[in-house]
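Student: Test case, fold it:
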Amino acid sequence: MPTLSTHQIAQFKQDGYLFLEEALTDGQLQGLRQDFEKWKEESRHHSAPYGDTFDGRCRFDVEPGHSFETPALRRIASPIEISDIYLEVMRNNRALDALEDLLGPNIKFENAKINSKLPGAATEIKFHQDFLFEAHTNDDMVTVLFFLDDVTEENGPLEVVPGSHKGPLYEHWHGGVFTGAVSDAIAAEMAPKAVACYGSAGSACLMHTRVLHGSAPNLSNAPRTLFICEYLAEDSYPLHANHIPSKYMYEVVRGKTTGRVRCSNYEMAFPEMPTGASFFEQQAKA
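Tutor: Okay, here's the model as predicted:
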């Protein structure tokens, strides 16, 4: 039985994103929050990015100004490798049920991360398209952003440009530097068209990999933490290294392995593989 209505499917195809209520159960939400709070408390004892990931980079990223008194943990790479509940949710959630209606019955996992804006966090995410970080044979890829906190107008909500997934793939290289963002001119043109995605904790936003999106700093006293999982059609294959690799990458989470590959027609420059704890360092170059 389909999870999404005919109207919801049409809306995703038209806009490139879809808000989904109750994407997590109460138990899943509580477990995800508990582990994040544990990591936030641990971060108080570090003054720089720390921990080890699959490819030897730091797992935990803190923004400038992070301190014991005012923790600013902003990124955790592949939390599914260090938490049973994050792995469980990645493999089984209501958003995955919805993705079967959008991508078909056979779905793979690509990568996972946590992006957090704790109260007063200054990090701004500039407009970009996820696909420019992850070239694949086709672009049937969806980023699922699970809200671990209530997302409001004040705490730096995701902002998407409806319909931009049907448009061009914009350059993220500028002046020979991979900035992980579109040009200032494109950002200025698109910003008035952007729509903010608000919602209660436990909800999710499903976003096509080509959709232009970004977010502003957190100007409130409330946190805004997202657990982000990227999924793709089983017949889509990577054309370069995964920028957030894990031992679970490309696991088939719904359906079966078909042994087939499907290609779409597009052109883009390969991204620069990050060497730091997160792409925030790449965007800082802009």
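
Student: So which residues of the protein form strands?
Tutor: Under the criterion DSSP state E, strands of the chain are mapped to 17-20, 60-62, 73-77, 107-117, 125-128, 141-147, 158-160, 173-174, 177-178, 195-197, 204-208, 213-215, 224-233, 252-254.

Student: Out of those, flag the one nearest Ile186.
Tutor: Nearest to Ile186, of all those, is strand 125-128, at 7.2 Å by Cβ to Cβ. (Glycine included, C-beta is placed from N, CA and C.)

Student: Could I get the full set of helices for the protein?
Tutor: Along the chain, counting by DSSP state H, helices occupy 6-15, 26-43, 84-91, 94-103, 184-190, 280-284.

Student: chain center to the third one, what's the gap?
Tutor: Looking back up the chat, that one is helix 84-91. Distance of helix 84-91 from its chain centroid, counting by Cα atoms, centre = their mean, to the nearest Å, is 16 Å.

Student: Tell me what angle that helix forms with helix 26-43.
Tutor: Computed by axes from the mean of the first three to the mean of the last three Cα atoms, to 10 degrees, the angle separating helix 84-91 from helix 26-43 equals 130 degrees.

Student: Which secondary structure elements does helix 84-91 sit against?
Tutor: Judged by 3 or more Cβ pairs under 8 Å, 6 or more residues apart in numbering; DSSP states H and E, the packing partners of helix 84-91 are helix 26-43, strand 107-117, strand 224-233.

Student: Recalculate using a threshold of 10 Å.
Tutor: helix 26-43, helix 94-103, strand 107-117, strand 141-147, strand 224-233, strand 252-254 (3 or more Cβ pairs under 10 Å, 6 or more residues apart in numbering; DSSP states H and E).

Student: Repeat that for the fourth one.
Tutor: With contacts defined as 3+ Cβ pairs under 10 Å, 6+ apart, the secondary structure elements packing on helix 94-103 are helix 6-15, strand 17-20, helix 84-91, strand 107-117, strand 141-147, strand 204-208, strand 224-233, strand 252-254.

Student: Pairing partners for the longest one, with directions?
Tutor: I take that to be strand 107-117. The pairing partners recorded for strand 107-117 under DSSP bridges are strand 73-77 (antiparallel), strand 224-233 (antiparallel), strand 252-254 (antiparallel).

Student: Make a markdown table from the ones you listed and add mean neighbour count to it.
Tutor: As requested, the strands paired with strand 107-117 are arranged in a markdown table below (neighbours: other Cβ atoms under 10 Å):
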| stretch | mean neighbour count |
| --- | --- |
| strand 73-77 | 26 |
| strand 224-233 | 24 |
| strand 252-254 | 17 |
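
Student: Out of those, the one nearest Ile85 is which?
Tutor: Here strand 224-233 is closest among the strands paired with strand 107-117 (Cβ to Cβ), at 10.0 Å.

Student: Could you export the closest one as PDB, CA atoms only?
Tutor: Taking Å, rounded to 0.1, in the frame of the first residue of the first chain, the C-alpha atoms of strand 224-233 are listed here in PDB:
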ATOM      1  CA  ARG A 224      18.100  22.800  15.500                       C
ATOM      2  CA  THR A 225      19.500  19.400  14.900                       C
ATOM      3  CA  LEU A 226      19.000  17.200  11.800                       C
ATOM      4  CA  PHE A 227      19.900  13.600  11.200                       C
ATOM      5  CA  ILE A 228      20.500  13.400   7.500                       C
ATOM      6  CA  CYS A 229      20.400  10.200   5.400                       C
ATOM      7  CA  GLU A 230      21.000  10.000   1.700                       C
ATOM      8  CA  TYR A 231      19.300   7.300  -0.300                       C
ATOM      9  CA  LEU A 232      19.400   6.400  -4.000                       C
ATOM     10  CA  ALA A 233      17.800   4.100  -6.600                       C
END
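
Student: I'd like the average pLDDT over that strand.
Tutor: Averaged over strand 224-233, pLDDT sits at 97.

Student: Could you export the helices and strands packed on helix 94-103 as JSON lines, including distance to Gly27?
Tutor: Formatted as JSON lines, the helices and strands packed on helix 94-103 follow (distance: least, Cβ to Cβ, whole Å):
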{"stretch": "helix 6-15", "distance to Gly27": "25"}
{"stretch": "strand 17-20", "distance to Gly27": "18"}
{"stretch": "helix 84-91", "distance to Gly27": "9"}
{"stretch": "strand 107-117", "distance to Gly27": "19"}
{"stretch": "strand 141-147", "distance to Gly27": "14"}
{"stretch": "strand 204-208", "distance to Gly27": "16"}
{"stretch": "strand 224-233", "distance to Gly27": "15"}
{"stretch": "strand 252-254", "distance to Gly27": "19"}
